[in-house]
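K.L.:
I need the structure of the sequence given here:
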Amino acid sequence: MNVFTTDKIRNVVLLGHGGCGKTSLVEAMAYLAGITNRMGTVEDGNTVSDYDKEETKRKISIKTSIVPIPWEGYKVNILDTPGSFDFVGETEEAVSVADAAIIVVSGKTGIEAGTRRAWEYCEQRKLPRMVFVTDMDVDKASFREVVQNLQDLYGKRIAPFHLPIRENEQFVGYVNVIQQKAKRWNDKGTVDKFDVPDYSQENLKICRDVLVEAVAETSEEFMERYFDGDEFSEDEIRAAMHVGVCDGSIVPVLMGSNPLARGMYTLMADIIKYFPSPDRCKCAGINTTNNEVFEADYDFSKPKSAYVFKTIADPYIGKFSLIKVNSGVLKPDDVLFNYHRDAEERIGKLYVMCGNKVEEVNELHAGDIGALGKLSVTQTTDSLSTKKSPITYIRANISKPYVYMQYKAKQKADIDKISQALGKMQMEDLTLKTVNDSDNGQTLIYGISGQQLKLVQSILAERYKVDIDLLPPRIAFKETIRKKVDTEYKYKKQSGGHGQYGHVKVIIEPLGDTGKQYEFEQTVVGGAVPKNYFPAVEKGIIESVKSGPLANYPVTGVKVTLYDGSYHAVDSSELAFKVAMEQAFKKGFMEASPVLLEPIATLKVVVPDQYTGDVMGDLNKRRARIMGMDQVSDGYQQILADIPYLELYEYDTRLNSMTRGEGLYEYEFARYEQAPDEVAQVEIEKKKAEEE
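P.N.:
Numbers count the residues shown, from 1 in each chain. Got it, this is the predicted structure:
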């Protein structure tokens, strides 16, 4: 691929609800640009951007793909993101390096949860955006309805550039609102101009008025002329549109048909006309030598620096670090410094990615997106720069995973392979996390949703040839006591020759602090138990609190006082006193009114107003205590509640179902509380069943 200078580059992320047509839109763009000689389809599994086996099998995008589209001397780096919230980390990585966004909406299904989420991403990063309405070849598609709903949600910023023309239920052309001219596609793939149909005149006037009003608001001079009734020229409208789109005050709405490859020429032209090149965008980091702000601003003349926004660790295509060059010009064999890892990396060759195809390039200019192969220590969200000017950029904010399950290897021999494979997958996907929960004897895997975790299971089997079982997690219950008891145990064993003897008398009582596992104290007088056996007694306590006698959960909040006992000059040993303490603990614990404690989380749920009642009703069924409600934004409520961890299992699926994908939640550990008798009884019965 040719080298492109900063002013000839556009970095555009495609956002939208799953199934709205992002991937097929990329396919149409690639076909028209000559990258492919035939258009693939999601159904056939042969598109440029959905190349992973799991993507072709499931017919959805799972990863962000980069497809650079050369167009009339420009390079448009398209970042095709997954529409499903299950893979939100991929979208957040792509948004972090985009300079503009196209929000894709299906004219058939209209505004959906993913559409609103896409808009929020753009608002958070102040990204210039357009809306592209797909499926206009479908009879039930309604461009007018999509525009109306967008205007209801986002106001006067929404400015339709086109109106569809249908004849005999076929999508045959469009009206250009700026030019006020109608165009019809012909067999050559170009357009023929003709008069605007009478039935489009009324809608054209409405859209034209909206457009002109948006133009008028871009400057005081235009506003005065607007009120004086002056007409704006086409060049004036386009110049004002460029300003308005770049600052976010105007959001053009375009439309087309992906399978027919109609509407893409005007879309590509408008991307180049109205979206900013990187050198028109701001970008700043910190120079770590003096802690001063480094205004990179995608300036090719400044010291080299880049940001790693994604890692690919694929066994078939290898490991690549995807970067955006924030300043300077990268060249093969440059040596770059990673401040976060305090290490230098020789970058070797430079590449650009096109789906799963890798193409070598001679240079990457500031603002461009490319790939570096086999960096030794660099990870996603790291910064690269020269050692003389070490720069660090703000790391992208990637969603925290809250859904977790227990996983086990089906074959014990695969444990190491599974660990290595999951390590590679976590390198690629920052929303995956594994935790070794030794207290409860389980290994946990965290993700955004249960669906994502099932996908991990499938990838392990397909790509790495190892199998795991996903199981409900063992909730981190704890055991404690409510009464003070005095107990003893004498461990005496004689089997000929040297025997075993240890005798302890202890008081076991509540510590009053369930945040602390145990406290050991000794008040022995007269040498009834020699001092050299005190550490062995404490070891017995340490072993005992790992797994309590009530339901095999860790013990917490217990004080043990050794006050008396006896020993044998020959047969006593550290082992004997350790065993005696373990048995005394078990006996005394069960006499001290033992109870099960369950972990409680503070839960925040953000939902649209219309679903608040359903969500609160469901939380009540889950033993949650509603602590309050707040209006967090227009049309959205935040519900604050305390809820047992036990009730959070599969909550993501339930919330998604109740709110049609629009509900979000997060939680953090709050405290332990005594579990209700019915909950405790279930856990105790589980222990009995395991023992039997």
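K.L.:
the longest strand in the chain is where?
P.N.:
In the chain, ranked by residue count with DSSP state E as the criterion, the top strand is strand 594-608.
K.L.:
Starting from that one, tell me which strands it pairs with and how they run.
P.N.:
If you go by DSSP bridges, strand 594-608 pairs up with strand 478-481 (antiparallel), strand 636-644 (antiparallel), strand 664-674 (antiparallel).
K.L.:
Keeping just the C-alphas, turn stretch 412-424 into CSV.
P.N.:
Output of stretch 412-424 as CSV, limited to C-alpha atoms (Å, rounded to 0.1, in the frame of the first residue of the first chain):
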residue,chain,number,x,y,z
LYS,A,412,-5.8,-32.5,33.9
ALA,A,413,-2.9,-32.8,31.4
ASP,A,414,-4.3,-29.7,29.7
ILE,A,415,-4.0,-27.3,32.7
ASP,A,416,-0.8,-25.7,31.6
LYS,A,417,-2.0,-25.3,28.0
ILE,A,418,-5.2,-23.7,29.2
SER,A,419,-3.3,-21.3,31.3
GLN,A,420,-1.1,-20.3,28.4
ALA,A,421,-4.0,-20.0,26.0
LEU,A,422,-6.0,-17.8,28.4
GLY,A,423,-2.9,-15.6,28.9
LYS,A,424,-2.8,-15.0,25.1
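K.L.:
Report the buried residues of it.
P.N.:
For stretch 412-424, a neighbour-count test (16 or more other Cβ atoms under 10 Å) marks 414, 418, 421-422, 424 as buried. Where you see a C-beta, it was placed from the backbone N, CA and C, and this is true even at glycine.
K.L.:
Mean confidence (pLDDT) on it, please.
P.N.:
Mean pLDDT, stretch 412-424: 94.
K.L.:
which residues sit against it?
P.N.:
By Cβ atoms under 8 Å, 6 or more residues apart in numbering, the list of residues contacting stretch 412-424 from outside reads 313, 409, 432, 434, 445, 456, 460, 463-464, 466-468.
K.L.:
what separates that stretch from the chain centre, distance-wise?
P.N.:
The chain centre lies 23 Å from the centre of stretch 412-424; the measure is Cα atoms, centre = their mean, to the nearest Å.
K.L.:
Extract the C-alpha trace of stretch 588-605 and format it as PDB.
P.N.:
The C-alpha trace of stretch 588-605 is given here as PDB (Å, rounded to 0.1, in the frame of the first residue of the first chain):
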ATOM      1  CA  GLY A 588     -15.600 -25.900  70.000                       C
ATOM      2  CA  PHE A 589     -16.700 -24.100  66.800                       C
ATOM      3  CA  MET A 590     -19.700 -26.300  66.400                       C
ATOM      4  CA  GLU A 591     -20.700 -25.700  70.000                       C
ATOM      5  CA  ALA A 592     -20.300 -21.900  69.700                       C
ATOM      6  CA  SER A 593     -23.500 -21.300  67.600                       C
ATOM      7  CA  PRO A 594     -21.800 -21.300  64.200                       C
ATOM      8  CA  VAL A 595     -23.400 -19.200  61.300                       C
ATOM      9  CA  LEU A 596     -22.700 -18.700  57.700                       C
ATOM     10  CA  LEU A 597     -21.800 -15.200  56.400                       C
ATOM     11  CA  GLU A 598     -22.500 -14.300  52.800                       C
ATOM     12  CA  PRO A 599     -20.800 -11.500  50.800                       C
ATOM     13  CA  ILE A 600     -22.900  -8.400  50.000                       C
ATOM     14  CA  ALA A 601     -22.200  -6.100  47.100                       C
ATOM     15  CA  THR A 602     -23.100  -2.500  46.500                       C
ATOM     16  CA  LEU A 603     -24.900  -2.600  43.100                       C
ATOM     17  CA  LYS A 604     -25.500   0.300  40.700                       C
ATOM     18  CA  VAL A 605     -27.900  -0.300  37.900                       C
END
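K.L.:
hang on, the earlier thing: from the strands paired with strand 594-608, pick the one with the highest average neighbour count.
P.N.:
Mean neighbour count (mean count of other Cβ atoms under 10 Å) peaks for strand 478-481 among the strands paired with strand 594-608, with a mean of 24.
K.L.:
what's downstream of that strand, the next helix or strand?
P.N.:
For strand 478-481, the following helix or strand on the C-terminal side (DSSP states H and E) is strand 485-493.
K.L.:
Kindly provide the whole-number mean pLDDT of the longest strand of the chain.
P.N.:
In the prediction, strand 594-608 has an average pLDDT of 96.
K.L.:
where do the strands sit along the stretch 51-200 of the chain?
P.N.:
Residue ranges of the strands in the stretch 51-200 of the chain, as given by DSSP state E, counting those that start in this stretch, are 65-71, 74-80, 100-106, 129-134, 158-160, 162-167, 170-176, 181-185, 191-194.
K.L.:
I'd like the buried residues of stretch 412-424 laid out as a markdown table, including secondary structure and distance to R166.
P.N.:
Shown next, in a markdown table, are the buried residues of stretch 412-424 (DSSP: H, G, I helix; E, B strand; the rest coil; distance: Cβ to Cβ, whole Å):
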| residue | secondary structure | distance to R166 |
| --- | --- | --- |
| D414 | helix | 57 |
| I418 | helix | 55 |
| A421 | helix | 51 |
| L422 | helix | 51 |
| K424 | helix | 50 |
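K.L.:
For these, could you give me TSV that also reports distance to K516?
P.N.:
Converted to TSV, the buried residues of stretch 412-424 look like this (distance: Cβ to Cβ, whole Å):
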residue	distance to K516
D414	39
I418	35
A421	38
L422	33
K424	39
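K.L.:
list the contacts for the closest residue to T289 other than its chain neighbours?
P.N.:
Of all residues not flanking T289 in the chain, P390 sits nearest, at 6.2 Å (Cβ to Cβ, 6 or more residues apart in numbering). By Cβ under 8 Å, 6+ apart, P390 lies in contact with 287-289, 337, 339.
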